[in-house]
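In: here you go, sequence then predicted model.
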Amino acid sequence: MRIKFKKIRYGSRFCDDFDDMKANNVLEFNGNRVCVVYGPNGTGKTSLSELFSRKDPDSEYAMEIDDVEFTNASEPIFHVIEDQNGRNIIAGSTEEFILGDDIKKEYELKKKLEDGFDNLFRNKLVGELKSNFGISKKSTQFDSLITNDRIKFFVSDIANSRSKGASIKRDEYIREVEALSDDDIDESEIPFFKYFIGDFGNENSIIRNMLSISALPIRKEEEYRKIEESQEALRIIEKYPEMKECIVCDSDVDRSQLFERKTAQHSRAIASLSKESQQIVETIISKIVGEDPFEIKTKLEKALSQGTNEEIVNLAEIIDVYKSAFNYRLCKMLKTTLLESGLSIILMEYSTITQKSPEFENEDIIFIEKFLNDCLERQIHLVRDGEKNLRLLLGDDEFLNRPRKELALSNGEQNFLSLAFELLKARKMPHGVVVLDDPISSFDSIYKNKISYAVLKILDNKNTIVMTHNTDLIKLLEHQRQKSFKLYQLHNRSEGENGLVAIERDEVKILLYIHEFINLLRGAISAEIVDEKRFLISLVPFMRGYCQIVGNIDDKNLLTTIMHGYGEDVVNISDIYSRLFGSGVIKSEHKIGIIDILGGGISEEDIIRPDKYPLLARTLLHTYSYLYLRIAVEKKLVDKYKINTSEDDMLTKIIFAAFKTDSREDIENRVFFLSRKTLLNEFNHFEMDMNIFMPAIDIQNRVLKREKKDILEKLSQI
């Protein structure tokens, strides 16, 4: 992958060169798919990570990725893992972290089940129940027709607009529905099923009202025919309001008198009926208008005229067939839709997998598990809950989506746990590039090694950008896997070149391997030296540390004398260099004392050519400035305040000896000198790990320039 940046803008955090990037604007991922972007604190690494995560609307970027245009308005292409301050909670669900074929298959099957049942309950069955069975709410008149209580519950919960099947256990649904009888019915016996459904579900159902009186004895009503006759007469009178002659015999009639007479006749006939017969007429017979496929009206009228309920009993028996048919049809529909859904087969496969005890499968998560379990008092393990869902536990407690401070772990343990699981999540994310912001900040050496391994191992399928200000991380990545990354230095300053400056492999080697740097000093560096004298002076602290390692105490003591402002010796550093690294590199003899160093001032001219070794060139300039400023401060304070350097021989002691009272002026002077980054450096790093690059490169040019100015102005005022 190749990323070519065209614009990086985030408020005023980046200098103008980033607004229209023409040079130092390419990140090329090598075969191991890792780019390391180094930059001292304050250069904008975290700002760059924030910009990629698109958290702030006041940010904008434009770039090409393998010749395809992307901007901050495009679909997200970066997955950002924040530094330790941004990883307060390990957010996400178990499946976002756990890898492995079986677990992946389990979650795929679980998703199929969830989607399948969602479609079955919310779409398919809701429509079937409403259109073919008249069921569209939680409770209906059809509840009494469903003979299986579990099926009745399923239907009620599916039809419930709030639940839509949410309360149904999926495995129980499949088990109960599959167990339903395969018996069928003769469809010829239920020709009026649609009418039955439409009427039976009504609040004032004719069929249900008829069934309620089917078993009751019916009294013969002698006057019932007159009811029917008077009703028909009244219907005709109302139909022909202008009628003046009888429509049967053509005789003259008084319509109003006829209406009153027939109304009175109807009332007398109704009054003559028993209370039970009146109820039949009012609640059933009079309500039947239009379609009556079961001939309920005719049969009821016959029953009242003859005083027998034989036909009503027979009709009730026919209706019982329809009631049974409803139950059969409903169960058959449920069974058919389940079979068509294929959910039974999916559940069987899912159940087989979930019967196994869950285990971490993927090598990455096993590595995390084993390392954490070796380092933590509580173990990371994977369990199933009562619903067979996978849960990640730390000890007996879930740790996902909980603030780190609640986990009862040390800060280092919290950082490692959160970063390890963020790496696992990033591995599964669809984004093309993973960005890590200072992943090993505040870790001890054990954690740093493990994190370096985890970054390369877990993210081996991703293009990864690692932002760091820590050269330890760069070394650890190299030692875990040689040539595992391309190295860039982020420059973001008001002067000089800016952007993402590529560090070539030759310089990466001397940054990472002390023997490679020593070999460079033994020969090839000769062709790069611009100013021999300043080159030697800038190497004085390193050479002193090297003398300590090889046991050359005499030369170490000589070099020490020109590292303190009160030294008076003149040292032939050309000879010392030759004794340490061999002859032929330094062409001239350079005898140097404190006066020579201070007399030369602090020049910003190149010490070595910056073309091949830009990082080393910058480092030597910074180291020279560190040494010059330290010597200048020590000499000024020792001379001014007549300090006894046999007792107060180190810079810190000299500062306290010079400004020893509690006066406001002395306090301010002590604070001023003790707070300078350049002065607090005692060059111990050369004797600790022989790293010439630290901390000289861990300061921005503009910061160093400001410190030079402030310190020299302060010395002139004393």
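Out: In hand now; what should we look at?

In: pull out the buried positions in the strand ranked longest in the chain.
Out: The strand that spans the most residues within the chain, counting by DSSP state E, is strand 2-10. Buried residues in strand 2-10, counted by 16 or more other C-beta atoms under 10 Å: Ile3, Phe5, Lys6, Lys7, Ile8, Arg9, Tyr10. Glycine gets a C-beta too; all of them are placed from N, C-alpha and C.

In: show me what the fourth one is bridged to.
Out: The one in question is Lys7. Listed by DSSP bridges, the beta-bridge partners for Lys7 are Ala62.

In: from Phe18, how far out is it?
Out: Taking C-beta to C-beta, to the nearest Å as the measure, Lys7 and Phe18 are separated by 7 Å.

In: now do the next helix or strand after the longest strand of the chain: distance to the chain's middle.
Out: Sequence-wise, the next helix or strand downstream of strand 2-10 (DSSP states H and E) is strand 26-28. On the basis of C-alpha atoms, centre = their mean, to the nearest Å, strand 26-28 sits 27 Å off its chain's mean C-alpha point.

In: now what about strand 26-28, what contacts it?
Out: With C-beta atoms under 8 Å, 6 or more residues apart in numbering as the test, strand 26-28 has contacts from Met1, Arg2, Ile3, Lys4, Phe5, Cys35, Val37, Ile465, Lys486, Tyr488, Leu500, Ala502.

In: so the fourth one sits right up against Ala62, yeah?
Out: Okay, so that is Lys4. No. Proximity of Lys4 to Ala62 does not meet the contact threshold set by C-beta atoms under 8 Å, at 9.8 Å.

In: mind listing what's buried along stretch 708-718?
Out: Applying a neighbour-count criterion of 16+ other C-beta under 10 Å, one finds Lys708, Ile711, Leu715 buried in stretch 708-718.

In: what does stretch 19-31 give?
Out: By neighbour count, and taking 16+ other C-beta under 10 Å as the criterion, the buried residues in stretch 19-31 are Met21, Asn24, Asn25, Val26, Leu27, Phe29.

In: from those, pick the one nearest Tyr624.
Out: Proximity of these to Tyr624 (C-beta to C-beta) peaks at Asn24, which lies at 24.8 Å.

In: that closest one and Glu497 touch, don't they?
Out: Yes. Under the criterion of C-beta under 8 Å, Asn24 is in contact with Glu497, at a separation of 6.2 Å.

In: hey, what's in contact with both of these two?
Out: Residues within reach of Asn24 and of Glu497 at once, by C-beta under 8 Å, 6+ apart, are His491.

In: tell me which helix or strand in this protein has the weakest average pLDDT.
Out: The element with the least model confidence among the helices and strands of the chain, by mean pLDDT, DSSP states H and E, is helix 684-688, at a mean of 50.

In: next helix or strand past it?
Out: Under the assignment DSSP H and E, the closest C-terminal helix or strand after helix 684-688 is helix 701-717.

In: identify, by residue count, the longest helix of the chain.
Out: Scanning the chain for the longest helix, with DSSP state H as the assignment, gives helix 310-341.

In: buried ones in that one?
Out: In helix 310-341, the ones that count as buried by 16+ other C-beta under 10 Å are 311-312, 315-316, 319, 322-323, 325-335, 338, 341.

In: same question for stretch 487-504.
Out: 487-493, 498-503.

In: between helix 310-341 and the helix or strand containing Ser305, find me the angle.
Out: Using DSSP H and E, Ser305 sits within helix 296-306. With axes from the mean of the first three to the mean of the last three C-alpha atoms, to 10 degrees as the basis, helix 296-306 and helix 310-341 are set at 160 degrees to each other.

In: and helix 296-306, how far out from the chain's middle?
Out: Averaging C-alpha coordinates over helix 296-306 and over its chain gives two centres that are 73 Å apart (C-alpha atoms, centre = their mean).

In: so is the residue nearest to the spatial centre of the chain in a helix, a strand, or just coil?
Out: Among the residues of the chain, Gly92 comes closest to the average C-alpha position under C-alpha atoms, centre = their mean, at 5.5 Å. Per DSSP: H, G, I helix; E, B strand; the rest coil, the secondary structure class of Gly92 is coil.

In: from Thr308, how far off is it?
Out: In this structure, Gly92 and Thr308 are separated by 76 Å, where distance is defined by C-beta to C-beta.

In: what of Leu129?
Out: Remark: distance between Leu129 and Thr308 (C-beta to C-beta) = 39 Å.

In: swap in Asn30?
Out: When C-beta to C-beta is the yardstick, Asn30 and Thr308 sit 100 Å from each other.

In: just Lys660 next, same as before
Out: For Lys660, the distance to Thr308 (C-beta to C-beta) stands at 128 Å.

In: can you pull the contacts of Ala271?
Out: Under the criterion of C-beta under 8 Å, 6+ apart, the contact list for Ala271 is empty.
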